[in-house]
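Colleague: Fold the stuff below for me.
(2 chains)
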Amino acid sequence: MNESLSGFIHTLLGSLRDLAPIILVIGFFQLVILQQPINNLPEIAFGLFLVVLGLTFFIYGLEMGLFPIGEGMAEALAKKGSLPWLMTFSFLLGFGTTVAEPALILVSSEAAEVAAAGGMIGNSEEEKQGYANGLRFTVAFSVGLAILVGVIRILKGWPIQYLIIGGYLGVVVMTLFAPDEIIGLAYDAGGVTTSTVTVPLVTALGVGLASSIRGRNPMTDGFGLIAFASLTPMIFVMGYGMFI
Amino acid sequence: MGFLAEFQHSLIATAGDMLPIVGIIFGFQLAVIRRRIPNLKRVLIGFFYVLLGLSLFLMGLEQAIFPLGEQMATQLSDPKFILDGLGRSIDQLRWSDYYWVYLFAFLIGFSTTIAEPSLLAVALKAEGVSGGTVAANGLRIAVALGVAVGITLGAFRIVSGIPLYYFIVTGYLIVMIQTYFAPKFIIALAYDSGGVTTSTVTVPLVAALGLGLATSVPGRSAMLDGFGLIAFASLLPIIAVLGYVQLSEWMAQRSAAADEL
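Modeller: Model prediction:
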């Protein structure tokens, strides 16, 4: 019990340290440059406290539960050598971690607000929810596909730059056809998908695979899954914008 | 709504969101790998903590970070604040008058990225895998500088109203040229560092900054101009990491050449 308590405090200090520069920057601007008091200070202070506490529990829980089991599974599947299962797992891992991504949930509901305000969809709560969910599932599907393609690349040993440059060309072509309103959002969706839950799990999968296949170098072949995961959502979200 | 009701609401919503990944992991573990999960109790407690943490985190974001970011973006880009002491009218505002916005964008980009836990995880892994050729801290600073410059450029784009894809397509071209000249071992990692940077903390703050700026700068619409900052934050680190390795290689070659003389 003592050990887990000290682990918790360690994580708590870690999240405080991670968030301190951000709070410093905001505080400096608010007090020195803007010279304005912060509205609803008690509410915001309480919210910041919740963020620190939440981040602590989240990271502590990731290290206790999600990481060990995720890394163990990547290794076990690579050793087992069953291609269909490995591919199913890759797709589902990309899909599952992205659907649960808090940053994506936030950005897609913001996007629904903006789309409703801009008259692209109706202003009812239901329509906004539908738009946000559609966006989320589109992005999650495209990330699943990306991880799948990335895993095939590791297995085959294809050089990454041809695939990525091909993907960029796809983005440029889609940009020409997609409605203007969706472009900024689509470009953002690429960056949004890959954060705290996805990155360590997916990196563990890639490096684990590249290390266990003969002839693959974990440095040149193991990385790159995240790059695919940030590329495909741009193409798919522009597609979503064209069809809705 | 009281705190408990709000917390309950957030908890139920988060549980629904986490269900797929939990289902995938346990489904594969039981049906495909068919091995008992080591430390099952510990793992379950870990999942519960993730659920609890995510719920609290999202609540806190909604209560503090989002309103704060939006409020600051609005205040910093408020014509009244910008015009203060300039002695010009609102029609004569130039892009260079928004210097505080750019400084804020730079600092918030740098500080959130240096603090990013998943970047640290990838940097440590890269240092281990490359046998120390890629230093973890060098990589982190290169990525953070990339994000900082990227968000600053993105803010400039919103203020100036230049279409997003000009920048992004130019950025892609630079990446392609750099890829051609960069050493092979860094390419995959550099591409990855673009996606790693934009974390759970960065995204809401930066998205709020973009939407706030686009709402308050005259002539911009939130839908057309508000998004796109994160795209810059995922593109510039690729250029920065490729550049960092090219620069350190060039310097190594130069000192090697100097040694020979």
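Colleague: mind checking how far the helix or strand that residue A:186 is a member of is from the chain centre?
Modeller: Using DSSP states H and E, residue A:186 maps to helix A:180-192. Relative to the centre of its chain, helix A:180-192 is centred 14 Å away, using C-alpha atoms, centre = their mean, to the nearest Å.
Colleague: Restricting to C-alpha, output the next helix or strand after that helix in PDB.
Modeller: Next along the chain after helix A:180-192, taking DSSP H and E as the criterion, comes helix A:198-212. Only the C-alpha atoms of helix A:198-212 are listed here, as PDB (Å, rounded to 0.1, in the frame of the first residue of the first chain):
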ATOM      1  CA  THR A 198      -2.600   6.000 -28.600                       C
ATOM      2  CA  VAL A 199       1.100   6.900 -28.900                       C
ATOM      3  CA  PRO A 200       2.700   4.600 -26.300                       C
ATOM      4  CA  LEU A 201       0.500   1.600 -27.300                       C
ATOM      5  CA  VAL A 202       1.200   2.100 -31.000                       C
ATOM      6  CA  THR A 203       4.900   2.700 -30.600                       C
ATOM      7  CA  ALA A 204       5.200  -0.400 -28.500                       C
ATOM      8  CA  LEU A 205       3.500  -2.400 -31.300                       C
ATOM      9  CA  GLY A 206       5.800  -1.000 -34.000                       C
ATOM     10  CA  VAL A 207       9.100  -1.400 -32.200                       C
ATOM     11  CA  GLY A 208       8.100  -4.800 -30.800                       C
ATOM     12  CA  LEU A 209       7.200  -6.100 -34.300                       C
ATOM     13  CA  ALA A 210      10.300  -4.700 -35.900                       C
ATOM     14  CA  SER A 211      12.500  -6.200 -33.200                       C
ATOM     15  CA  SER A 212      10.900  -9.700 -33.500                       C
END
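Colleague: coming back round to it: how about the helix holding residue A:186, which residues are buried there?
Modeller: A:181-192 (16 or more other C-beta atoms under 10 Å in any protein chain shown). For every residue, glycine as well, the C-beta is placed using N, CA and C.
Colleague: My guess is residue B:218 contacts residue B:78. True?
Modeller: No - counting by C-beta atoms under 8 Å, residue B:78 is not a contact partner of residue B:218; they are 11.3 Å apart.
Colleague: ok, these two, which is more surrounded?
Modeller: residue B:78 (15 against 8; other C-beta atoms under 10 Å in any protein chain shown).
Colleague: and the two most separated of the buried residues of helix A:180-192?
Modeller: Spatially, the most separated pair among the buried residues of helix A:180-192 is A:181 and A:191, at 18.5 Å (C-beta to C-beta).
Colleague: contacting residues for residue B:58?
Modeller: Going by C-beta atoms under 8 Å, 6 or more residues apart in numbering or on different chains, residue B:58 touches A:54, A:102, A:105-106, B:10, B:14.
Colleague: name the helices or strands packed onto the helix or strand residue B:148 falls within?
Modeller: Of the helices and strands defined by DSSP H and E, residue B:148 is found in helix B:136-160. In this structure, helix B:136-160 makes packing contacts with helix B:99-114, helix B:117-129, helix B:164-181, helix B:184-196, helix B:202-216, helix B:229-260, judged by 3 or more C-beta pairs under 8 Å, 6 or more residues apart in numbering or on different chains; DSSP states H and E.
Colleague: Please work out which residue of chain B is closest to chain A.
Modeller: residue B:46 (2.2 Å; C-beta to the nearest C-beta).
Colleague: That residue: what's it in contact with?
Modeller: Contact partners of residue B:46, counting by C-beta under 8 Å, 6+ apart, are A:60-66.
Colleague: just to revisit the earlier point, just send the helices and strands packed on helix B:136-160 back as a markdown table, with mean pLDDT too.
Modeller: Shown next, in a markdown table, are the helices and strands packed on helix B:136-160 (pLDDT from 0 to 100):
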| stretch | mean pLDDT |
| --- | --- |
| helix B:99-114 | 86 |
| helix B:117-129 | 78 |
| helix B:164-181 | 88 |
| helix B:184-196 | 85 |
| helix B:202-216 | 78 |
| helix B:229-260 | 85 |
